[in-house]
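S.K.: Just the structure for this:
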Amino acid sequence: MKHKVLATVALIAPFLIAGCASNYVLTTQDGDAIIAEGKPSVDEETGMIAFTDVWGRQQQLNKDNVKQIERVK
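M.R.: This is a model prediction of the structure:
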């Protein structure tokens, strides 16, 4: 599973970097990398991180499951 995610990130990353909006990589506690279009928002009340993935779908992750969020340069 990790290899598929990393391969997907490697294939998609160059196209995302060329875009106008800043993209972010969310790294989960189990090592998965998820690319978000635009800056993810954190809801402190619910503890959820909301973001739009590269396919345009709205996603949410519990912030306890996210190790780090980095801006793609």
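S.K.: Now do the contacts for the residue of the chain most remote from its centre.
M.R.: Residue farthest from the centre of the chain, counting by CA atoms, centre = their mean, is Glu45 at 20.6 Å. Residues in contact with Glu45 (CB atoms under 8 Å, 6 or more residues apart in numbering): none are found. The way it works is simple: take the backbone N, C-alpha and C, and place the C-beta from them, glycine included.
S.K.: Can you tell me the SS state at it?
M.R.: Under the three-state scheme (DSSP: H, G, I helix; E, B strand; the rest coil), Glu45 adopts coil.
S.K.: Give me the distance between it and Ile69.
M.R.: Going from Glu45 to Ile69 by CB to CB, to the nearest Å gives 19 Å.
S.K.: can you give me the helices in this protein?
M.R.: Along the chain, counting by DSSP state H, helices occupy 2-17.
S.K.: can you give me the strands in it?
M.R.: 23-28, 33-43, 48-53, 58-62, 66-71 (DSSP state E).
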